[in-house]
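In: A predicted structure for the sequence below; I have some questions about it.
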Amino acid sequence: MDSMAAIKQTFFQECEEQLSDLERGLLRIEDGDQDSETVNAVFRAVHSIKGGASAFGFDDLVEFVHVFETTLDLLRAQKLTPTQTVVDVLLKSSDILADLVHATREGETIDRTAIAAMSVALIALCEGPGGPPSNADPARNDDDILDETFTPLTISLEAIFDSDDGGQTEPRIFEVRFKPFASLYAKANESLRLVRLLRELGESRVECDTEAVPYLTELDPEGAYFAWVVLLETRATEAQIREIFEFVEWDCELSVAALDDRQGLKETSNADGAGQVAAALGPAAVERAASARVAEPPQATKRATNAAEQRRSEDGGVTHQATIRVDLEKVDRLINLVGELVINQAVLTQRVSEAGLSRATSVKIGLDELEQLTRDIQDSVMSIRAQPVQPIFQRLSRVVREVAALTKKSVRLVTDGERTEVDKTVIERLTDPLTHMIRNAVDHGIESPEARAAAGKPEEGAIRLSAMHRSGRIVIEVADDGAGIKRSRVREIAVTKGLIPHDAALSEEEIDNLIFMPGFSTVDTASAISGRGVGMDVVKRAIQGLGGRISISSRPGQGSVFSMSLPLTLAVLDGMVVTVAGQTFVVPLTAVIETLQPSAETVHTLGGGLRVIRNRDSFVPLIDVADVLARRGVERDPSAQVALLTESESGAKCALLVDAIQGQRQVVIKSLETNYGRVRGVAAATILGDGRVALIVDVDGVIGSLRPEVSTIEQPLAAAE
């Protein structure tokens, strides 16, 4: 029972991959991709789901996928043109299939009405304008709809075989020799399913060759020993017969040959055994059938299997990497252990440093090698959890379609950087905030087609979703070409709701950021899409919970850009260890541009007591970290301290004053919020080599804790002088 449950779990995991490939391929087709391999990839994804579902007896899933597959087969054969209407039906069918897979996996009730209606729409595509209507009759029950839905499918298949481009009007007899390799079963394929598909093409006789089966003591439970000879009378072509084996061609030996003798099989429909089959097909067929039987010795079988494996692993001289499935809990356990290794390595470094050993000693050299090895292990382990953001981006394309349909807008989603990798934990927690942002972009950002036309814009709006690596972090941007933020309206709402005083002096950037305040909404009545005043507030808190920042850039009439900067991983970071008011802190190294030594000539005081430091051709704000975090209360001479020139996520530069720099090291991040509580100006905590807990500075939080003008004061030197 447990074994079967594990196999089913693997099947559903593979379904997720196939559904991802399916949607990605359909979106490419929608964008005008005419490559036949794209269509074939879409067909293979659906066909693979069908094969696995059939093996487990998921009949509802098999029936719908069968209709879907037939439609895609017409598309693949270029008998169906991928117009926008056709692609829309296929995309909706992909959504229905995803829902059906989910319901099957969770044991939930299946929405038969939706499945039946979509099946009718697919069959209408197969049969052309004269086919059945696209909507099911609501007066009939679900079972009646399903029965009528799948009845015309046989006619569609026969139409394919009777077509002018490759179909046959007269039946012919084919001899199909089929011997699976062990790899066929390892990929959850079923040989008998392939044989049954052959028999659906016409009258047939099947022989199973068991000569390669070894003694029980020599039998490999994961081996493949059976072979089949199928004599088939059909109107299908050889190419159509081979299509059945299209997805297992590298995992079997296959031979398809037409026989000259065309005596029908129907006359001996009750014949049994090789003798009766021979009598039915004549002497010529007997000779061919005899030579078709596979009686390969075990060693030869092994060589053939190895050859097939070699063919699969090499494609144009390029060797493909093998993959295995590993329980995520095991990976998390490994990451935690490596984190402890990093801490212990830091402890050893601290102990050796306290012992005063020379760097030339063998112990010190060995410790340096251990540090490098630990870092390599850390990077390798983290790369295991790294995944591309592509699955999220694909899921959001569905959100765009749904919201655009609800709002009666024409919106196109453009994605960039889908292969950008980030830690799996970050990806999982990004889904909800990105969904909120995409829904808001369609609902609030993009204008109606009429308004866009009046403004001289294309009626179809565009939303661009991009991801990129920058300075050791991942930056995700959601940009639209809509109307932009109406700042006067935003300010008016904020005043009305009591979020800000009516006489508050706010910059454009501060007005834009009002949309992140709890309870803010520009919609008077709540809808199914938005308007309850929780969306953007949830987005900001979710991004901050990931140790990231979100910023807005908006231009009236031209659109808005929401930029999120997130850590690549939530486990480790490279930091600069500093001393502040007798306490030890860690500043993320990715935020540090350079270190400066302040002097009386380079430090200046502006109005309100704000200090700035001259750096080359500009002035940047100077902030004493002790005033913000350590509450020292006594201002020290900047020339006796060290300044760290940092850059916030918004791009503003600021110099942080610390008492001393201890060094740089890789630290393991421990959530302070989970174990203690949220602290202003602190992002997380870590354990140092001497066992002490050090706080990790939230650079943006330190800057934001002071006056708003601090983050925007950077200006050219000439202007300041």
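Out: Alright, I've got the coordinates. Residues are numbered from 1 along each chain as shown.

In: pretty sure Q378 sits against L573.
Out: No - using C-beta atoms under 8 Å, Q378 is not in contact with L573; the gap is 10.9 Å. All C-beta atoms are positioned from the backbone trio N, CA, C, and that covers glycine.

In: list residues touching both of those two?
Out: Common neighbours of Q378 and L573 (criterion: C-beta atoms under 8 Å, 6 or more residues apart in numbering): Q666.

In: tell me the average confidence for stretch 67-79?
Out: The average of the pLDDT scores along stretch 67-79 is 86.

In: next: stretch 24-33.
Out: Mean predicted lDDT for stretch 24-33 stands at 84.

In: just the element for the residue nearest the centre of the chain, please.
Out: Residue closest to the average C-alpha location in the chain (C-alpha atoms, centre = their mean): P391, at 1.9 Å. Applying DSSP states H and E as the criterion places P391 in helix 390-407.

In: next, the buried residues of stretch 348-359.
Out: Neighbour-count burial for stretch 348-359, counted by 16 or more other C-beta atoms under 10 Å, picks out T349, V352.

In: and the protein, what are its domains?
Out: For the chain, the domain assignment from automatic domain parsing gives the residue ranges 2-161, 172-314, 328-387, 399-567, 572-720.

In: and those, which one's lowest on average pLDDT?
Out: Looking at the domains of the chain, the bottom one is domain 172-314 with a mean of 68.

In: wait, what's in contact with the nearest residue to T210 once chain neighbours are set aside?
Out: Spatial nearest neighbour of T210, chain neighbours left out: F226 (6.3 Å); criterion: C-beta to C-beta, 6 or more residues apart in numbering. By C-beta under 8 Å, 6+ apart, the contact list for F226 reads K179, P180, S191, C208, D209, T210, A212, V213.

In: how many residues are close by D574?
Out: By other C-beta atoms under 10 Å, 15 other residues sit near D574.

In: please apply the same query to D33.
Out: Residues within reach of D33, counting by other C-beta under 10 Å, total 14.

In: I'd guessed P458 sits against R452; true?
Out: Yes - using C-beta under 8 Å, P458 is in contact with R452, at 6.7 Å.

In: redo the contacts of F226 as JSON lines? Include distance to P598, neighbour count and secondary structure.
Out: Output for the contacts of F226, formatted as JSON lines (distance: C-beta to C-beta, whole Å; neighbours: other C-beta atoms under 10 Å; DSSP: H, G, I helix; E, B strand; the rest coil):
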{"residue": "K179", "distance to P598": "79", "neighbour count": "23", "secondary structure": "strand"}
{"residue": "P180", "distance to P598": "75", "neighbour count": "22", "secondary structure": "strand"}
{"residue": "S191", "distance to P598": "77", "neighbour count": "20", "secondary structure": "helix"}
{"residue": "C208", "distance to P598": "86", "neighbour count": "11", "secondary structure": "strand"}
{"residue": "D209", "distance to P598": "86", "neighbour count": "19", "secondary structure": "strand"}
{"residue": "T210", "distance to P598": "87", "neighbour count": "9", "secondary structure": "coil"}
{"residue": "A212", "distance to P598": "82", "neighbour count": "18", "secondary structure": "coil"}
{"residue": "V213", "distance to P598": "84", "neighbour count": "13", "secondary structure": "coil"}
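
In: element containing D574, please.
Out: Per DSSP H and E: D574 is located in strand 572-580.

In: any idea which helix or strand comes after that strand?
Out: The helix or strand immediately downstream of strand 572-580 is strand 583-588, counting by DSSP H and E.

In: before we move on, back to that, more neighbours: P458 and R452, which one.
Out: Per other C-beta under 10 Å, whichever of P458 and R452 has more neighbours is R452, with 20 against 12.

In: in the strand or helix carrying the more buried one, what counts as buried?
Out: Of the helices and strands defined by DSSP H and E, R452 is found in helix 449-454. By 16+ other C-beta under 10 Å, the buried positions in helix 449-454 come out as P449, R452.

In: need the residues that contact that helix.
Out: Defining contact as C-beta under 8 Å, 6+ apart, one finds that helix 449-454 is touched by K409, S410, I446, P458, E459, E460, G461, A483.

In: try it again with 6 Å
Out: Here helix 449-454 makes contact (C-beta atoms under 6 Å, 6 or more residues apart in numbering) with S410, E459.

In: helix or strand next in line after it, which one?
Out: As assigned by DSSP H and E, the chain's next helix or strand after helix 449-454 is strand 461-470.

In: now the angle between helix 390-407 and that following strand, please.
Out: Angle, strand 461-470 to helix 390-407, by axes from the mean of the first three to the mean of the last three C-alpha atoms, to 10 degrees: 160 degrees.

In: sounds good, over and out.
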